[in-house]
Each structure stands twice: as structure tokens, then as C-alpha cells.
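Asks: Quick check, what structure comes out for this input:
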Amino acid sequence: MKPAARPLRPLSGVSSSVRYVSRTSNPKSSVATSTAANNVWHQVPQSSKTDSASPLAKLPLSSVLRSLLILSVSSSSLLLKPCIYTLTQLAHPKTPVLDVAKNPLLNFLIKHTIYKQFNAGENKLEVQRSIEDIKRLGYRGVLLGYAKEVLVGESNVDPMDEKAAREEIQAWLDGTLQTVDMAQEGDFVALKFTGMGTQVLQFLQQRDAPSEFMDRAIQKVCDLAISRNVRLLVDAEEQAVQPGIEEWAMKYQKYCNSQSPGSAIFYNTYQAYLCSTPANLARHLEMSRQDGYTLGVKLVRGAYLKTEPRHLIWSQKEETDKCYDGVVEALLTRKYNSMLKSASEEQKTDLPPVNVIIATHNRDSVRKAHALRTEQAMKGENHGVDLSYAQLQGMADEVSCELLEGFQSAESMKGASMETPNVFKLLTWGSVKECMGFLMRRAIENTEAVGRTKQSQEAMFDELRRRARDAFRRSN
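Replies: Next comes the predicted model:
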């Protein structure tokens, strides 16, 4: 009998700010911060450069204008809903006129606006050109994902049909291997296990171990990533499948990370808005300690607020912020704290080796982590934690560029050994047709984070005004 499976809305690599009803008039006042981070934030050196060299100055004018246009739509309650409706029609076209694969004019329009804002390209040449452009701006690299999906809610594949299931898994494998091949050394490739098809979804829902065919497919991806020095990370998804995803992720963490002592090749994603995340992460840390490998942790806030059972999520946004910042502090200092408590009966105080990706668009969380990292650099210590930051391509550029600028300014500090920035941008690749579902979700995500989008819009407006002032001064 074919099991009922509800459609799963895939998680973006970087979380959006989630919407809660706040008890306070000033949400920032109730965000828990580490004492160390608060004390040292004022020590983070301000840029010695003038206004003419603002963090966003590194962006090309075409990128600023395109961002401003898209952010203006995304931050407008009047325009956003029609935009989402239009993208939904384009993602599920009912006529050839609305099919971007059949309408060349529509394809051209989409590709040079919203597609170019968020995506890397349609082929290896375009993708690698995008990666080089990102690195030229000062980023360490990319988190690259393949946009093609298996839409479970619309799939007609019977999970008991072994031949059809294998074809879905093979299609996922071919696209994922191609993605790993496109990535450059040190980059990340995002994996979505539910993209392997209806049968895999059933296995994950039932928390079954992968079949031999599934296991061989995933190991092929792992082996290619290891040979190319490319890192892998598994996206988090809804709780209907997330426990199964985590069990698979821990299996392949051990397989990959045991082969690279002191560093992580395979990462799992943890969602801070779940009440269970600190205990879950502590349990995984203890598993990695016992098995002798470095745990890979990507921390996001979470992107399923509208679909998850409400009792699983913190009741207030401030609690999510407290969880996120508390976990980051514990990971960067490698010390258990009031938020991240040891899962060991021996009540250990030190965390085992861990590599961390802080994947957020939240400026406060980025600044607190940066401040803590700066304090560690001033003391000549980083506790052996490899740290990366990540934001979606085309979103939160002011946060990403400010982070790069902050690290660069800090290099002038006397006696401080500052690391080069490990700042990444997450983007997907695929044809315009394949990316329409991804683009539709970016628009939906912005309905949950209009405030943050408005801040990005204002930052782009300020940058455009700054450039106009500079141009006027030069002309005189």
C-alpha cells in the first residue's frame, strides 16, 4: 500500500528570521548574549576607511540596482503577494506561454533579473564564472546546491516500484556528482536527501536505514567530495523526516570525517528554533567524541515555522535568538554552558572537536560571533574551531560585506593574529525551469522576514546614494 506523504517544502541553506509574537516592545532587549561577546563588541575596531569605502562598495553597480529592485518588491506587502502568485504560476505552468522552458522571452527576462540574483548558472562554465566572481569580492567560496527537485506531493512514483525508485535515486546521484565536480577546493555542496525520491522519503519517514542502493549512491558522493577536498552538508527539513535525516547524516559524518582527522568534510544542519536542538546537538557531539571524529555543525534558525507542530518550537523569537547565540558561544569556546549542556553522564565541561558554519542573515548574531572570535584572536586562541559564515546569494549582502570589512579592519590591530575571513555565499545552479521552485520559496521566505528584507533594502538605498554623492563630488 502506498503511504500518504505530504509535500515537503525544502529548506534553504540559510534560515530566514522566523515570526513570533513578541512580549517586548524591543526584541533586541531580550536576546540573550554571552558576557564575553557583549564586553568585546566595543573592542572590535571600526573601519579606518572613509565613507567612500563602505562595505557594500565592493559590489558592482548592476548588483546593487538589481538587489534594490528585488528587495523593494520583497519588502512591499502590496507587491509581494502578486509576485509570489506569479512565481507560483511560472513554477507550475499550465500553458506554454508561462513555461520558461518554452517561452524564450520570458526565460530571458527571468534569467537576467531574479534568477541572476540568487542562482549560479545553468552549466559548469556559468557556475564556475559565478564562483570566481564571488571569490573576487573577498568571499572564501560557495555553498553550492543543485536546484532540481523531486516534488513528492506531485510524484506519481510508487515507492514499492523498485525500478522507478532507482531511476529517481540515479537522477539525484548524477546531478549531485555534477555539483561536486563544479565546486572548487574548500567549497561546500548542499545535499537534500528527500531529493532522492519517493522511496527515500518513505525510508526517512519510517527512520529506516538506507538500502544498499541508496547507501552506494551517497557513498559515491562522499568519495568524490573527499578526493576533490570539497565539503558536504545536509539540509535540515521538516520534522516528518528530520529524525531520519539526522540518523543518515551521522552515519556519513562518521564515514567521511573519520578520514580527515581534525577537520570535518560532512556537516549536519541544526535549527535553533526547535526546543530539542541543544540536547540533540549535545548528543551528536558525544557520539563524535566516542567515535573519534570532528563533528560538522551548520547552525540556522529554521524555515518551517508555518508547517511544524507549534509545541516543538520556542514560543518566542527571543528564545530562538537566545538558543542560537548560546549554542554559538558554546561551540566557539568549546565549553558547555547553560544552553548547550553535556549529554555525557560524566558531566564533561569541554566539547569535543567541532567545525562550525554560522548560517544566518541576523546581523546581531553575526556581530556577537565576530566579537567573540576577535577576543579569541587577541588572546591568540581559537580553540581549534574552524569557523565559517554563510548567507544566501542575493540576500543580506550588507551583513556579508560588513563581516568581510570587519575582519579586514581587524588586521590592523597590534598584537592580534587575525584569520582571513571564511565567509561563504549559498547559491544554487540549474536551468531557469529547474530553479523556479527555489525562486518561489525565496519569495515565500520573505513573507516571514519583511523587517529584515526592509533593512537590506535600506542598506542598498544608502549605498546607491553614497555612490551618487561620490560621483557628484568627482564631477565638481
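Asks: hey, let's count contacts and neighbours off CA atoms from now on
Replies: Fine.
Asks: show me where pLDDT drops low in the stretch 151-300 of the chain?
Replies: In the predicted model, the stretch 151-300 of the chain carries pLDDT under 70 at residues 151-156.
Asks: In it, what residue spans correspond to strands?
Replies: Per DSSP state E, counting those that start in this stretch, the stretch 151-300 of the chain carries strands over the ranges 188-191, 231-234, 266-271, 295-300.
Asks: Pull up the pairing partners for the first one, direction included.
Replies: The reference is to strand 188-191. strand 141-146 (parallel), strand 231-234 (parallel) (DSSP bridges).
Asks: same question, the last one
Replies: Take DSSP bridges as the rule and strand 295-300 pairs in its sheet with strand 266-271 (parallel), strand 354-359 (parallel).
Asks: Save the strands of the stretch 151-300 of the chain as TSV, and put in distance to V64 and mean neighbour count too.
Replies: Listed next are these as TSV, based on distance: least, Cα to Cα, whole Å; neighbours: other Cα atoms under 10 Å:
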stretch	distance to V64	mean neighbour count
strand 188-191	26	26
strand 231-234	30	24
strand 266-271	30	26
strand 295-300	26	26
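Asks: Hmm, R442 and L80 touching each other?
Replies: No. The pair L80 / R442 is not scored as a contact, 11.2 Å apart, by Cα atoms under 8 Å.
Asks: Mind listing the shared neighbours of these two?
Replies: The contact sets of L80 and R442 do not overlap (Cα atoms under 8 Å, 6 or more residues apart in numbering).
Asks: With neighbour numbers in mind, choose between those two.
Replies: Here L80 and R442 are set side by side on neighbour count (other Cα atoms under 10 Å), and the busier one is L80, at 21 against 18.
Asks: Let me have the strands paired with strand 188-191 in JSON lines, extended by distance to G394.
Replies: Compiled in JSON lines, those are given as follows (distance: least, Cα to Cα, whole Å):
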{"stretch": "strand 141-146", "distance to G394": "13"}
{"stretch": "strand 231-234", "distance to G394": "20"}
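Asks: looking at those, which is closest to W429?
Replies: Minimum separation from W429 across the strands paired with strand 188-191 (Cα to Cα) falls at strand 141-146, 5.3 Å.
Asks: Tell me which residues of that closest one come out buried.
Replies: Within strand 141-146, the residues that qualify as buried by neighbour count (16 or more other Cα atoms under 10 Å) are G141, V142, L143, L144, G145, Y146.
Asks: now what about that strand, what contacts it?
Replies: 131, 134-135, 175-176, 179, 183-184, 186-191, 423-430.
Asks: Just the buried ones from those residues?
Replies: By 16+ other Cα under 10 Å, these give 131, 134-135, 175-176, 179, 183-184, 186-191, 423-430 as buried.
Asks: Sitting in helices, which of those do you find?
Replies: Judged by DSSP state H, helices contain the following of the buried ones among the contacts of strand 141-146: I131, I134, K135, G175, T176, T179.
Asks: In TSV, list the residues you listed along with distance to H370.
Replies: Formatted as TSV, these follow (distance: Cα to Cα, whole Å):
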residue	distance to H370
I131	24
I134	21
K135	20
G175	35
T176	33
T179	30
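Asks: Would you mind listing the two of those residues that lie farthest apart?
Replies: Pairwise over these, using Cα to Cα, the maximum falls at K135 and G175, 23.7 Å.
Asks: rewinding a little: quick one: which of the buried residues of strand 141-146 is nearest E238?
Replies: Closest to E238, out of all of these and judged by Cα to Cα, is G145, at 18.5 Å.
Asks: mind checking how far that closest one is from G121?
Replies: Using Cα to Cα, to the nearest Å, G145 is found at 11 Å from G121.
Asks: okay, and the common contacts of those two?
Replies: Common neighbours of G145 and G121 (Cα under 8 Å, 6+ apart) are T428, W429.
Asks: tell me the contacts of A120?
Replies: So A120 contacts E126, V127, S130, I131, L427, T428, W429, G430 (Cα under 8 Å, 6+ apart).
Asks: And these, which two are furthest apart?
Replies: I131 and G430 (14.4 Å).
Asks: Which one, of the strands paired with strand 295-300, ends up nearest to S72?
Replies: Short answer: strand 354-359, nearest of these by Cα to Cα, at 23.7 Å.
Asks: following that closest one, which helix or strand shows up next?
Replies: helix 363-378 (DSSP states H and E).
Asks: List the buried residues of that next one.
Replies: Buried residues in helix 363-378 (16+ other Cα under 10 Å): 363-378.
Asks: Check stretch 68-85 too.
Replies: Quick answer for stretch 68-85 (16+ other Cα under 10 Å): L68, I70, L71, S72, V73, S74, S75, L80, K81, C83, I84.
Asks: related to what we said a few turns ago, mind putting the strands of the stretch 151-300 of the chain in a markdown table, distance to S260 included?
Replies: Output for the strands of the stretch 151-300 of the chain, formatted as a markdown table (distance: least, Cα to Cα, whole Å):
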| stretch | distance to S260 |
| --- | --- |
| strand 188-191 | 16 |
| strand 231-234 | 11 |
| strand 266-271 | 10 |
| strand 295-300 | 11 |
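Asks: Quick one: closest of those to D215.
Replies: strand 188-191 (14.0 Å).
Asks: hey, C-alpha coordinates of the closest one in CSV?
Replies: Backbone C-alpha positions of strand 188-191 (Å, rounded to 0.1, in the frame of the first residue of the first chain) are rendered in CSV as follows:
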residue,chain,number,x,y,z
PHE,A,188,30.6,23.2,0.2
VAL,A,189,27.9,21.2,-1.7
ALA,A,190,24.5,21.0,-0.2
LEU,A,191,22.7,17.7,-0.1
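Asks: Who are the packing partners of the longest helix along the chain?
Replies: Taking DSSP H as the criterion, the chain has its longest helix at helix 450-475. Judged by 3 or more Cα pairs under 8 Å, 6 or more residues apart in numbering; DSSP states H and E, the packing partners of helix 450-475 are helix 61-74, helix 397-410.
Asks: looking at these, which is buried most?
Replies: helix 397-410 (a mean of 21; mean count of other Cα atoms under 10 Å).
Asks: give me the low-pLDDT residue ranges for the stretch 301-450 of the chain?
Replies: Checking the stretch 301-450 of the chain against pLDDT under 70 turns up 406-421, 445-450.
Asks: the helices in the stretch 1-150 of the chain, which residues?
Replies: 35-41, 61-74, 77-91, 104-110, 116-118, 124-136 (DSSP state H, counting those that start in this stretch).
Asks: So N337: helix, strand or coil?
Replies: Following DSSP: H, G, I helix; E, B strand; the rest coil, we place N337 in the coil state.
Asks: Number of residues surrounding it?
Replies: Neighbours around N337, by other Cα under 10 Å: 16.
Asks: I figured it hits V328, correct?
Replies: No. Counting by Cα under 8 Å, V328 is not a contact partner of N337; they are 10.5 Å apart.
Asks: pLDDT score assigned to L11?
Replies: With respect to pLDDT, L11 scores 36.
Asks: got it, and L79?
Replies: pLDDT at L79 comes out at 82.
Asks: who are the neighbours in contact with the nearest residue to it once chain neighbours are set aside?
Replies: Take L79 and drop its neighbours on the chain: the residue closest to it by Cα to Cα, 6 or more residues apart in numbering is V73, 5.6 Å away. When the contact criterion is Cα under 8 Å, 6+ apart, the partners of V73 are L79, L80, C83.
Asks: what do you get for R207?
Replies: R207 touches V241, P243, G244, E247, counting by Cα under 8 Å, 6+ apart.
Asks: ok, so of those, who is nearest V157?
Replies: When those are compared against V157 (criterion: Cα to Cα), the nearest one is V241, at 18.4 Å.
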